[in-house]
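Colleague: Sequence and computational prediction follow.
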Amino acid sequence: MNKETLRKFLIEANKAGYAGGKEREWIKESDGSTTIPFQKGEWRSHDNFFGGEPYGGRSVVFYQEKPVWIMVYYGCVTEGIDSRFLYGILYNVRHRVFNSHVERV
């Protein structure tokens, strides 16, 4: 495993998951969270999150069934901000960022 292969997998997993708009393939968990799974060869990602306000989650990338990259995220929309507008921007930024680079890998 090397950083460039991990970077490429993260881009592909993101495109297939959150940024891909394939919500029908997402798994609604019994605890109210949502999981976005993706697998390609020996690589697998597992993004589990709670939507709404506030929101938070955890993304894990596994290589040969061992965790090699983890990201935890949390946030909320400030009162008075149009959340649909903000989430539209975040969706577009996330898609662009993952197309160009991944930091701290």
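Modeller: Here it is on my side, so go on.

Colleague: contacts, neighbours, all on C-alpha from now
Modeller: Noted.

Colleague: For the helix or strand N14 falls within, name the packing helices and strands.
Modeller: Element membership of N14, judged by DSSP states H and E, is helix 3-16. Secondary-structure packing of helix 3-16 (3 or more C-alpha pairs under 8 Å, 6 or more residues apart in numbering; DSSP states H and E): strand 34-40, helix 83-100.

Colleague: for the last one, what is the average pLDDT?
Modeller: Per-residue pLDDT values over helix 83-100 give a mean of 69.

Colleague: what residue ranges in the protein are flagged as low confidence?
Modeller: Scanning the chain for pLDDT under 70 picks out 18-23, 93-105.

Colleague: Let me know the outermost residue of it.
Modeller: Centroid-distance maximum for the chain: G80 at 26.1 Å, with C-alpha atoms, centre = their mean.

Colleague: do you know how far the spatially closest residue to Q39 that is not a sequence neighbour is from R58?
Modeller: Spatial nearest neighbour of Q39, excluding adjacent residues (C-alpha to C-alpha, 6 or more residues apart in numbering): S45 at 6.3 Å. Taken as C-alpha to C-alpha, to the nearest Å, the spacing of S45 relative to R58 amounts to 10 Å.

Colleague: now do E65
Modeller: Separation of E65 from R58 (C-alpha to C-alpha): 17 Å.

Colleague: And the two? Which one has more around it.
Modeller: Between E65 and R58, counting by other C-alpha atoms under 10 Å, R58 is the more crowded of the two (15 against 11).

Colleague: measure that one to S33 for me?
Modeller: Between R58 and S33 the distance is 11 Å, computed by C-alpha to C-alpha.

Colleague: what residues do those two have in common as contacts?
Modeller: By C-alpha atoms under 8 Å, 6 or more residues apart in numbering, R58 and S33 have these common neighbours: N48, F49.
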